[in-house]
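Asker: how would this look folded up:
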Amino acid sequence: MPTTTATIPSGEVNNHYPPATSPTPAPLPFTCASEDEGWVWTQIKAEARRDAESEPALASYLYSTILSHSSLERSLSFHLGNKLSSSTLLSTLLYDLFLNSLTTDPALRAATVADLRAAHVRDPACVSFSHCLLNYKGFLACQAHRVSHKLWNQSRRPLALALHSRIADVFAVDIHPAAKIGKGILLDHATGVVIGETAVIGNNVSILHHVTLGGTGKVGGDRHPKIGDGVLIGAGATILGNVKIGEGAKIGAGAVVLIDVPPRTTAVGNPARLVGGKEKPSKLEDVPGESMDHTSFISEWSDYII
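Answerer: Okay, the predicted model is just below:
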């Protein structure tokens, strides 16, 4: 594993990357997976150099976590290993575990890049890719889960469960290793997110803090929600049972969902009901999991006035 040092390699920040104070991110190029990964890693290194130069107190941290590494998977493995290690689960063991999974599975690396892009584009508080890589516990929990899921599928279940426990302890995000999660995922803030064993989450889904995708009791089998592509789930929402949330649907903050939600509709309240009514629900034109629009339904649903 790399050693810590305060020496910062020279290099210029990519001029196409916006400064941290820019309110609108620069357009992101979409290329093939390997080129995309390389482009994002170049941006991360440039951002780390910039931040190390502007804040010398972080120089050693940024060097050991990002700048001393030759690839995104090595940097991420090092960072996760340090974050999740304990007195009995050593960082060197975790580093090797994460690195082996990431280097041998291109799909894992592609999902990592898609998740970085998701945070950068959808979250106005995400000032850089490196900020997400280093500090977003939802992003880190999701990447660690992907490795625990891979271990689970390889029948290395005691190790998968041990890793799952550490993820929950460190990041306050509880995702069962068997849960299936797509790419382009944003766990925004992430604290208190619970995702059950048989849950399935599609691509380009955004989930806020304190969301539960759970079961309805102690019955076994396929008992957790199935979340379609492009879904947005607001803070504190609870979705229970083997129910389907259709593609491009929106679940309002605090909603309690116990039955299927059709695609491109909005469910709000406790118990949840469809905006526009069950017979002719209002249809969404955008993809809420990407637009992050939480309140467009208010005028159709509520006459509450302050």
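
Asker: okay, CA-based contacts and neighbour counts for the rest of this
Answerer: Will do.

Asker: Name the next helix or strand downstream of the host helix or strand of Trp41, please.
Answerer: When elements are assigned from DSSP states H and E, Trp41 belongs to helix 33-54. Note on helix 33-54: by DSSP H and E, the next helix or strand toward the C-terminus is helix 59-62.

Asker: could I have that following helix exported to CSV, CA atoms only?
Answerer: Only the C-alpha atoms of helix 59-62 are listed here, as CSV (Å, rounded to 0.1, in the frame of the first residue of the first chain):
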residue,chain,number,x,y,z
ALA,A,59,-1.6,17.9,1.1
SER,A,60,-0.5,14.6,2.8
TYR,A,61,-4.1,13.3,2.9
LEU,A,62,-4.7,14.1,-0.8
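
Asker: which secondary structure elements does that helix contact?
Answerer: Counting contacts by 3 or more CA pairs under 8 Å, 6 or more residues apart in numbering; DSSP states H and E, helix 59-62 is packed against helix 33-54.

Asker: Averaged pLDDT, the helix it packs on. What do you get?
Answerer: Helix 33-54 shows a mean pLDDT of 93.

Asker: Then stretch 197-216?
Answerer: Mean predicted confidence for stretch 197-216 is 98.

Asker: Check which helix or strand Arg166 maps to.
Answerer: Going by DSSP H and E, Arg166 is in helix 157-171.

Asker: make that Ile239, sorry
Answerer: strand 238-240.

Asker: Show residues contacting that strand.
Answerer: For strand 238-240, the external contacting residues (CA atoms under 8 Å, 6 or more residues apart in numbering) are 211-216, 224-225, 254-258.

Asker: mind redoing it with 10 Å?
Answerer: Contact with strand 238-240 is made by 193-196, 210-217, 223-227, 233, 245, 251-260, 270, 272, as judged by CA atoms under 10 Å, 6 or more residues apart in numbering.

Asker: Now do the domain split for this protein, please.
Answerer: 32-173, 179-306 (automatic domain parsing).

Asker: Low-confidence ranges, this protein, go.
Answerer: 1-34, 297-306 (pLDDT under 70).

Asker: give the contact list for Leu186.
Answerer: Contacts for Leu186 (CA under 10 Å, 6+ apart) come out as 114-120, 122-123, 136, 138-139, 142, 203-208, 232, 289-290.

Asker: from these, which would you call buried?
Answerer: Buried members of the contacts of Leu186, counted by 16 or more other CA atoms under 10 Å: 114-120, 122, 136, 138-139, 142, 203-208, 232, 289-290.

Asker: so of the residues you listed, which ones are in helices?
Answerer: 114-120, 122, 138-139, 142, 289-290 (DSSP state H).

Asker: May I see these arranged in CSV, with distance to Cys132 as well?
Answerer: CSV is the format used below for those (distance: CA to CA, whole Å):
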residue, distance to Cys132
Ala114, 12
Asp115, 9
Leu116, 7
Arg117, 9
Ala118, 10
Ala119, 7
His120, 8
Arg122, 12
Gly138, 9
Phe139, 7
Cys142, 12
Gly289, 18
Glu290, 17
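
Asker: among those residues, which two are most distant?
Answerer: Using CA to CA, the two most remote members of these are Cys142 and Glu290, lying 17.5 Å apart.

Asker: And Val205, how close does it get to Ala119?
Answerer: 11 Å (CA to CA, to the nearest Å).

Asker: overlap in contacts of these two?
Answerer: Gly184, Ile185, Leu186, Leu187.

Asker: Tally up the residues packed near the second one, please.
Answerer: Counted by other CA atoms under 10 Å, the residues lying close to Ile185 total 29.

Asker: Wait, it touches Ala111, no?
Answerer: Yes. Assessed by CA atoms under 10 Å, Ile185 is found in contact with Ala111 at 8.4 Å.

Asker: Can you work out which residues contact both of these two?
Answerer: Common neighbours of Ile185 and Ala111 (CA under 10 Å, 6+ apart) are Arg117, Cys142, Asn203.

Asker: which residues touch the second one?
Answerer: Which is Cys142. 111-112, 115, 148, 167, 173, 175, 181, 183, 185-187, 190.

Asker: just those now: which is nearest Gly38?
Answerer: Nearest to Gly38 among these, with distances taken as CA to CA, is Thr112, at 12.2 Å.

Asker: how near is the closest residue to that closest one other than its chain neighbours to Ser54?
Answerer: Nearest residue to Thr112, sequence neighbours excluded (CA to CA, 6 or more residues apart in numbering): Gln143, at 6.6 Å. Gln143 is 29 Å from Ser54, where distance means CA to CA.

Asker: Give me the buried entries from the contacts of strand 238-240.
Answerer: Here, 16+ other CA under 10 Å leaves 193-196, 210-215, 223-227, 233, 245, 251-260, 272 buried among the contacts of strand 238-240.

Asker: Out of these, list just those in strands.
Answerer: Val194, Ile195, Thr212, Leu213, Gly214, Lys226, Ile227, Ile233, Ile245, Ile251, Val256, Val257 (DSSP state E).
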